[in-house]
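[1] task: produce atomic coordinates for the following.
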Amino acid sequence: MPVAEASVRKRTAGIVGAGSIGSAFAIVFAAAGHRVVVQDPAAASLENARTRVSTSLQELKQFDLLDEPAEDVAGRIAYVADLSQAVHEADFIQECAPERLELKQPLFTEIERHAKPDAIIASSASAIPASRSMGHLDTRHRCLVCHPGNPPYLIPVIEIVPAPFTDPNVAEQAQRFFAAAGMSPIMVRKEIEGFVFNRLQGALLREAYCLFRDGVASIEEIDSIVRDGLGMRWSFMGPFETVDLNTQGGLASHAQKMGPAYARMGKERGQDDPWTSDLVERATAERRSSLAIEDWQKRTEWRDRQLMALLRHRRRLAVNQNNSTTAQAAK
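    This is a model prediction of the structure:
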């Protein structure tokens, strides 16, 4: 059965679950001009969501991140307790229930029962693949995971994770839907637990816990290394571009110089995934297709200017915060 087009046209989006992620998606969809219906069986959760959305929209407007009055965006969002009300007219359904398989499976059965036959059904799961949570559905061809960062109205990346049973056209429509809403959709090519976002985050967290456990550094010291070190570059570059620009000669040179040390560190943690020559060649070829080695120096100079701008911004924030603290103390 064909699935309805869900791209630039204004649609109706149903959100199942009024927690922090559900509320944040309501902002993303409503700011893109879509009509949104947020559902949760708990009246208190709906009221909290309404308050959270209103506050966040006002703050977004203060930071010039909304193109229209906050009240206009909020006016496109409705809040209901009944599941069928949220999904029966929705073109795109985003499930935002807690990360528990025993909860998600029957919930998707209920969503499928009430949803239009051509609606796309997406899960916000952080680690549970669609094959596990939605594989039992009769219309699973229109189901997939669309996993956001938190909150998605500030962290634009979203992982589009189709299952083997997902219609490729559905995944493409979901990708266009989020792109039109101002997000940065990434198509995950293989369905694996945790997808890409949380696997990368998890790798850093595992090592951070080990360093803390072993008395190598404190929690604050580890956070400082990421905040004032790694995170400075990662705020505008990914790990491959970072190391590509860190070493004269680019990615291949970095792998030759640092690969053995990283391999030893991995084995120390029970992980044996060396950077083989063919793997490095493939990674280098893809990187060089994005940046010719002749342009390496210009790109490093660009990196340095980005860091200068970021440092200037952080310094201004610190000055403003100090001035605000001083003014409050003087009252």
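[2] strands of the stretch 151-300 of the chain, start to end?
    157-162, 184-187 (DSSP state E, counting those that start in this stretch).
[3] CA atoms only for the last one, dumped as CSV, please.
    Output in CSV follows, covering the C-alpha atoms of strand 184-187 (Å, rounded to 0.1, in the frame of the first residue of the first chain):
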residue,chain,number,x,y,z
SER,A,184,19.5,17.6,9.7
PRO,A,185,18.3,14.0,8.9
ILE,A,186,20.9,11.3,8.6
MET,A,187,20.0,8.0,7.0
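[4] how is the chain carved up into domains?
    12-187, 197-311 (automatic domain parsing).
[5] possible to save the strands of the stretch 151-300 of the chain as JSON lines with mean pLDDT and distance to M134?
    Where you see a C-beta, it was placed from the backbone N, CA and C, and this is true even at glycine. Converted to JSON lines, those look like this (pLDDT from 0 to 100; distance: least, CB to CB, whole Å):
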{"stretch": "strand 157-162", "mean pLDDT": "98", "distance to M134": "11"}
{"stretch": "strand 184-187", "mean pLDDT": "98", "distance to M134": "18"}
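[6] tell me which of these is the most buried.
    Ranked by mean neighbour count, these are led by strand 157-162 with a mean of 23 (mean count of other CB atoms under 10 Å).
[7] what packs against it?
    In this structure, strand 157-162 packs against strand 143-148, helix 168-180, strand 184-187, with contacts taken as 3 or more CB pairs under 8 Å, 6 or more residues apart in numbering; DSSP states H and E.
[8] between those, which one is nearest to A31?
    helix 168-180 (11.5 Å; CB to CB).
[9] okay, the helices and strands packed on strand 157-162, which one's buried deepest?
    strand 143-148 (a mean of 26).
[10] how far does it sit from the chain's center?
    10 Å (CA atoms, centre = their mean, to the nearest Å).
[11] export that strand as CSV, just CAs?
    Output of strand 143-148 as CSV, limited to C-alpha atoms (Å, rounded to 0.1, in the frame of the first residue of the first chain):
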residue,chain,number,x,y,z
CYS,A,143,7.3,2.0,10.2
LEU,A,144,10.8,3.2,11.2
VAL,A,145,12.8,4.9,13.9
CYS,A,146,13.4,8.7,13.8
HIS,A,147,15.8,9.3,16.7
PRO,A,148,16.5,12.9,17.7
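[12] now do it: everything it contacts.
    21, 24-25, 94, 108, 120-126, 128-130, 134, 137, 155, 157-163, 165-166, 170-171, 174, 178, 183, 185, 195, 197-198 (CB atoms under 8 Å, 6 or more residues apart in numbering).
[13] strands paired with it, and their directions?
    strand 120-123 (parallel), strand 157-162 (antiparallel) (DSSP bridges).
[14] could you list the low-pLDDT ranges of the stretch 51-200 of the chain?
    Applying pLDDT under 70 to the stretch 51-200 of the chain flags no residue at all.
[15] how about the helices in it?
    Counting by DSSP state H, counting those that start in this stretch, one finds helices in the stretch 51-200 of the chain at the ranges 70-74, 83-87, 101-114, 130-133, 168-180, 197-213.
[16] nearest to Q256, out of those helices?
    helix 197-213 (22.2 Å).
[17] quick one: contacts of that closest one?
    126-127, 147, 149, 157, 159, 192, 194, 217-219, 222, 226, 239, 269.
[18] check stretch 158-172 too.
    Contacts of stretch 158-172 (CB under 8 Å, 6+ apart): 2-3, 120, 129-131, 134-135, 140-149, 152, 174-175, 178, 183-188, 191, 195-197.
[19] output it as CSV, nothing but the C-alphas.
    Extracted in CSV, the C-alpha atoms of stretch 158-172 (Å, rounded to 0.1, in the frame of the first residue of the first chain):
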residue,chain,number,x,y,z
ILE,A,158,17.9,13.3,13.6
GLU,A,159,18.7,9.7,12.7
ILE,A,160,16.4,8.1,10.1
VAL,A,161,16.6,4.3,10.8
PRO,A,162,14.6,2.0,8.6
ALA,A,163,14.1,-1.6,9.4
PRO,A,164,14.7,-4.3,6.7
PHE,A,165,10.9,-4.3,6.3
THR,A,166,10.5,-0.5,5.9
ASP,A,167,9.5,0.7,2.5
PRO,A,168,12.5,2.7,1.1
ASN,A,169,10.0,5.4,0.0
VAL,A,170,8.8,5.8,3.5
ALA,A,171,12.4,6.4,4.8
GLU,A,172,12.9,9.0,2.0
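[20] turn the strands of the stretch 151-300 of the chain into CSV, including distance to R288.
    Below are the strands of the stretch 151-300 of the chain laid out as CSV (distance: least, CB to CB, whole Å):
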stretch, distance to R288
strand 157-162, 24
strand 184-187, 21
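[21] list the residues that contact H34.
    10-13, 76, 92, 181.
[22] how about A122, nearest residue that isn't a chain neighbour?
    Closest residue to A122 apart from its sequence neighbours, by CB to CB, 6 or more residues apart in numbering: C146 at 4.1 Å.
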